[in-house]
Structure formats: structure tokens, C-alpha cells
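**Q** what's the 3D shape of this:
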Amino acid sequence: MAVARQEVFKRLLKIARYQPAGNHSAVKPCHRCVEALKNRRFCYKYRFYGIPSHRCIQMSPVPIRCTHRCVFCRRAHPEELGTKGEPPVPEKRDDPEYIVEESIKAHRQALSGYNPKAHPKVLPEMREEAMNPTHAAISLAGEPLLYPYIDDLVYEYRKRGFTTFIVSNGTLPRVLERMHTYPHQMYVSVTAPNERLYKIINQPIIKDGRKRYLEFLEIMHDIPTLTVMRFTLIKGLNDAPGYIKEYVKLIEIAEPTYVEVKGYSYVGYSQYRMKPENQPKMDEIREFARMLEAELGGYHIADEHEPSRIVLLTRLPYPIKLQANLKRDKMEERKRFLEDR
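**A** Below is the predicted model of the structure:
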């Protein structure tokens, strides 16, 4: 049985086109990473926080293990491939240092075909930068806090000069509480304003998931790093104006540095569970963000990135550029060079 379930792990990686990074981790450059390299089109992380998309490793130490079965998730749930439960945990977990080194190798391997000879729009200096990533988005899939050495993983990335983001679903508050090294930005997903919708949208496979989530927000309030509550806005499901006051109560518990209002995207395996019309339009995302801004005290809309369908609210005067030495004017220079070439 364990062998069969391990095969499901490998099959899921292959279906999702993930690059393995050790025995239980995976890497997959996102669409924006490739678009930045080929066409100088960067994602919201660059616009808001100064993180260049082509230098970003998108990875997970537990790509198909999770405490939820979210209806909007792009990954295939094990049950959808005919296997009950989660794939088995390897007897020996990979060391954080090994995962970091393997993730860098996997990132380079995944981008190896994007060279100036094969893709004339790729600038040599940008390819060189892409081969030497500077950021780890620990958010590819699964619940990253299920990896028992998640804080050591962050430490190993930071030791190499990386900035780091972690995106959690908020069901493991004790792990967050015990961490000794935090990422530069700690994210928690916001998908449901109340218990009823939590069960419908997140479909937890654990008991007391909502209670854990509220505890997570309380702990998140006091951790010594930048914090983010990221909305996945699903049209017709969790975006009604009547939910605004309930969402505000959640935000007031954590008082995060940032609130990101991002639209659901009809991609991957979510297409078997959702409909194209569940994707909100940018104007609808803007309006939802404006309603939050009107109800929240101390937050203002600071920026937006329409290609990523996201609006940013913050308590700060403006977002902190974590890699501020990588200046936008340098990227604009390259863009003009390409256009003139």
C-alpha cells in the first residue's frame, strides 16, 4: 500500500510538471517567471515588493500534502486520482540544506531551455540572473508548515542571501508559534468569512480547522516579520458585500502588514470543480478592495497589478521593497534595449 501511495506522489509531480527536489520536495517556475525572462513582464511581487520574477524559485517541501481539499486549488487531490488519503511520509525527511541545494538545481534545470539561442528575446544577462535565484516562494502547493523543519529551511535560504515568502492555510498555529526563523513575509490565505463557507470552500480533512485558523491569526499578530493576509476571491462564492464585516473581523485579529485581494484563476485541476465565471474581473476585485478599505481602520489601497489581478492594501505609507537594490529603472533600461535591438 505504501509503495502504491508513493507512486501517486510521483504521478502527481509528473502531471503537474513539477521538478523533483529531493525525496519529497518540488519546484516549478511559474508563468510569470518565464514571462519575465522572455518578455520582461513581471508579477505583482516585483511591482509591490521588488522581487524580480525571473530570480524567484517557486517551491514546496510538501507539494501534495495538505490539511485542506480546497475547491479552487490548482493541484489534483489524491482522491481525484483514485487514492484515499495523503501519500506516505518518507521514513527519512530530507535535510533543509539538501532541499535548498536541490531546489536551486531544479530551478536551473527547469529554465535551462530559455537561452538567447533558442529564445532571441532572452537577454544574456537576465538568463545569468535567472540561473542565480535570489528569492524562494515556499508556496507551490500543499501546506508548507507540514514540513517539520520549515524554520530551518527558511534559515538555509536566508543564509544564502535569499529573501523568502511562506504561504500557509493557517491550520498549524503551533508550528508558527514555535518557529525560530521567520520568512521575510509570512502569508496566510483568506478564503472564507465564516465556518459555513470554510467547510464548503476549504473542505478540511482535519477537525477544528476553523478554530486553528483563528488561533493562527492571533499568533501571526505578534511574530517578528512582515505579515500578509491574501484573499482568494471567488465570484459567486465568497465575494458578496455582506461578508465584508466578517472579513474585517478576521483582519483585525492579525493586523497584518499587508492585505492582498487576489482573484481566483480558472487553471489546473480547479477546472474540474469550478467554472470560468467564478473568476472575478479586475473591476470587481478593485471594488471589493475599496469596500474593505472603507471598513478597515488604518489601511489604504497602495497599489495594484492588473496582469496578476491583485490589489494591495497596507498599514504602511508604501510597500517595502525587499530587494530594493534591483532597481526598476535597470529593468526599464533592458526593456528599451530589447525594443531597439
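**Q** Identify the residues contacting the nearest residue to His184 once chain neighbours are set aside.
**A** In this structure, His184 finds its nearest non-sequential neighbour in Thr163, 4.7 Å apart by Cβ to Cβ, 6 or more residues apart in numbering. In this view, the C-beta of every residue, glycine as well, is placed from N, C-alpha and C. Applying Cβ atoms under 8 Å, 6 or more residues apart in numbering, we find Thr163 in contact with 51, 134-136, 184, 322-323.
**Q** Which pLDDT does the model give Thr163?
**A** What the model reports for Thr163 is a pLDDT of 94.
**Q** ok, now how distant is it from Pro120?
**A** As judged by Cβ to Cβ, to the nearest Å, Thr163 and Pro120 stand 31 Å apart.
**Q** what do you get for Ile320?
**A** In terms of Cβ to Cβ, Ile320 sits 36 Å off from Pro120.
**Q** Who has more neighbours out of these two?
**A** Ile320 (15 against 10; other Cβ atoms under 10 Å).
**Q** how about the strands in the stretch 51-200 of the chain?
**A** 56-60, 135-138, 163-168, 185-190 (DSSP state E, counting those that start in this stretch).
**Q** Just say which of those strands is most tucked in.
**A** The highest mean neighbour count among the strands of the stretch 51-200 of the chain, using mean count of other Cβ atoms under 10 Å, belongs to strand 56-60: a mean of 28.
**Q** That strand pairs with which strands, parallel or anti?
**A** Strand 56-60 sits in its sheet next to strand 26-27 (antiparallel), strand 135-138 (parallel), going by DSSP bridges.
**Q** Residues touching the shortest one, excluding its own?
**A** Read it as strand 26-27. By Cβ under 8 Å, 6+ apart, strand 26-27 touches 13, 16, 18-21, 57-60, 63, 103, 106-107, 110, 140-141.
**Q** and if you look at the last one?
**A** Outside strand 135-138, the residues within contact range by Cβ under 8 Å, 6+ apart are 45, 51-52, 55-61, 100, 103, 144, 150, 153-154, 157, 162-167, 183, 323.
**Q** how does it look with 7 Å?
**A** For strand 135-138, the surrounding residues in contact (Cβ atoms under 7 Å, 6 or more residues apart in numbering) are 51, 55-60, 144, 157, 162-166.
**Q** so which pair among those is furthest apart in space?
**A** Longest distance between any two of those is 20.0 Å, between Arg55 and Pro144; criterion Cβ to Cβ.
**Q** For those two, indicate the residue with more neighbours.
**A** Legend: neighbour count by other Cβ under 10 Å for Arg55 and Pro144, higher for Pro144 (27 against 23).
**Q** Ala130 - how many residues pack around it?
**A** By other Cβ under 10 Å, 26 other residues sit near Ala130.
**Q** so what's it up against?
**A** Applying Cβ under 7 Å, 6+ apart to Ala130 gives the contacts 37, 54-55, 111.
**Q** Take those and write them to a markdown table, including pLDDT and distance to His31.
**A** Shown next, in a markdown table, are the contacts of Ala130 (pLDDT from 0 to 100; distance: Cβ to Cβ, whole Å):
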| residue | pLDDT | distance to His31 |
| --- | --- | --- |
| Leu37 | 75 | 11 |
| His54 | 85 | 12 |
| Arg55 | 87 | 15 |
| Leu111 | 80 | 13 |
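**Q** From the contacts of strand 26-27, list just the buried residues.
**A** Buried subset of the contacts of strand 26-27 (neighbour count, 16 or more other Cβ atoms under 10 Å): 13, 16, 18-21, 57-60, 63, 103, 106-107, 110, 140-141.
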